[in-house]
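>>> generate a structure from the sequence data that follows.
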Amino acid sequence: MKSFLNFLVVFSLATIVMACSDKKKVKSTRTPVSAISPQRIKVIYDTDANNELDDQHAQAYLLLNQETFDVKGITVNATFNGGDIQNHYDEAERVLKLCNLERSIPLLKGANGSFQEISKEFDPASYDGEEGVDFLLETTKKDSVTIIAVGKLTNIALALIKDPSFAKRTKIVWLGSNYPEPGEYNQDNDTIAMNFVLNSKIPFEMVTVRYGRPSGTDAVKVTQEEINEKMPGLGPKIDKPIVGRHGGSFNNFGDYSVSLFEHIDYHVNPPSRSLFDMVAVAILKNGDWAKQSSIPAPIFINNAWVERPANRRKIVVWENFDKQVILDDFYSTLKESTNVNQVN
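Numbers count the residues shown, from 1 in each chain. This is a model prediction of the structure:
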């Protein structure tokens, strides 16, 4: 605990104000993106692509929503599962190829290690994750870009250290946390990075996970049978098939999706898997597909969320996702992209 607090002091993070009884959320008046922007939404996708299987589905859904999103690039980071940074890069590249966009959209390596490790003796001229983080910084100088982050927040925190003005020119939509409860994968992969971002000024939206709760993205589940029925053959057909993560040869994302679901563990009843990350893309496409609220930014200390009701810094929390509408749009997007040449 002592070393953690010292770390926060080193980077001039805000003083923690302990929770009080008033935890009431304030409703947001934000208009859904789909209703206010006739232009495509410029995004960067920051992912631990080789972690399980939701990252790949989110990436394909994002890339094939060409009428909605203008994808400026993809950055990867390494989390506990899925191997080192090269494995995550390779998996993101497979999906890019399956969407026939590998020549159109940059793919860059971000952080392999944790924020605390990298920032101890931070050298802005040379550091772990430099390629991906510098891409975030340079791209947001040129365009108004939203970053969809679906892994740990290490790349975002490093960007804030290298260039604090980064906070003024982008927005983070992060898939992560069981807020207000502990114990979520993306959060636990780099809690210090998450706290650093929460204590910064960067606009921040938290797309909740909430394992086992109907209010989180965990509820947006699909069964293997559903994937086997709906996904085969979906997506653009590519001339040169890719070799999948588990072997096999694939010339469309739908068939690769079937393979991913064949090589994953199932623990719930009925056996199913959640498409967490895909939901973060969906609510950016249409904010009506979930509920949002604005709260004073909390912080995570000693494996517990600490509310800070006096905190002027506000973040948006997303919950209560419309599972069926989101899944219907996902399948529809993949179906409409079949046999269509993708252009960026």
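
>>> beyond the helix or strand residue 86 falls within, next helix or strand please.
For residue 86, the element it lies in under DSSP states H and E is helix 85-98. Note on helix 85-98: by DSSP H and E, the next helix or strand toward the C-terminus is strand 107-109.

>>> report the buried residues of that following strand.
Across strand 107-109, burial judged by 16 or more other C-beta atoms under 10 Å covers 107-109. Placement of C-beta: from N, CA and C, glycine included.

>>> next: stretch 44-62.
Judged by neighbour count using 16+ other C-beta under 10 Å, the buried positions of stretch 44-62 are 44-62.

>>> about what we covered before: the helix holding residue 86 packs against which elements?
helix 54-64, strand 69-76, strand 107-109, strand 242-243, helix 253-262 (3 or more C-beta pairs under 8 Å, 6 or more residues apart in numbering; DSSP states H and E).

>>> which strands or helices does the following helix or strand past the third one pack on?
Later in the chain than strand 107-109, the nearest helix or strand by DSSP H and E is helix 115-119. Contacting helix 115-119 under the criterion 3+ C-beta pairs under 8 Å, 6+ apart are the following elements: helix 154-162, helix 191-198.

>>> now do residue 242 against residue 143, distance only.
Residue 242 sits 30 Å away from residue 143, going by C-beta to C-beta, to the nearest Å.

>>> counting neighbours, go ahead and name the busier of those two.
More crowded of residue 242 and residue 143, by other C-beta atoms under 10 Å: residue 242, with 21 against 13.

>>> mind listing what the more buried one touches?
Contact analysis of residue 242 by C-beta atoms under 8 Å, 6 or more residues apart in numbering lists 94, 97-98, 249-251, 256.

>>> now residue 335: which helix or strand?
helix 323-337.

>>> the inter-axis angle of that helix versus helix 54-64?
Angle of helix 323-337 versus helix 54-64, following axes from the mean of the first three to the mean of the last three C-alpha atoms, to 10 degrees, is 60 degrees.

>>> tell me what helix 323-337 is packed against?
By 3+ C-beta pairs under 8 Å, 6+ apart, helix 323-337 packs against helix 54-64, helix 276-285.

>>> buried sites along it?
Residues of helix 323-337 classed as buried: 323, 326-327, 329-331, 333-334, 337 (neighbour count, 16+ other C-beta under 10 Å).

>>> equivalent analysis for stretch 133-147, please.
For stretch 133-147, by 16+ other C-beta under 10 Å, it's 133-137, 139-140, 145-147.

>>> for residue 115, find the nearest of the helices and strands packed on helix 85-98.
strand 69-76 (14.9 Å; C-beta to C-beta).

>>> from the chain's centre, how far out does the helix holding residue 86 sit?
Distance, stretch centre to chain centre, for helix 85-98: 15 Å (C-alpha atoms, centre = their mean, to the nearest Å).

>>> who's in contact with that helix?
Against helix 85-98 from outside (C-beta under 8 Å, 6+ apart): 47-51, 55-56, 59-60, 63, 74, 76-78, 82, 102, 105, 107, 109-112, 235-236, 238, 240, 242, 244-245, 250-253, 256.

>>> and residue 268, what are its phi and psi?
Torsion angles at residue 268 (phi, psi; degrees, to the nearest 10) stand at phi -100, psi 170.

>>> I'd like the distance between the closest residue to it other than its chain neighbours and residue 209.
Using C-beta to C-beta, 6 or more residues apart in numbering and skipping residues adjacent in sequence, the residue nearest residue 268 is residue 221, 7.5 Å away. Separation of residue 221 from residue 209 (C-beta to C-beta): 12 Å.

>>> so those two - more neighbours on which side?
A count of neighbours by other C-beta under 10 Å puts residue 209 above the other of residue 221 and residue 209, at 26 against 17.
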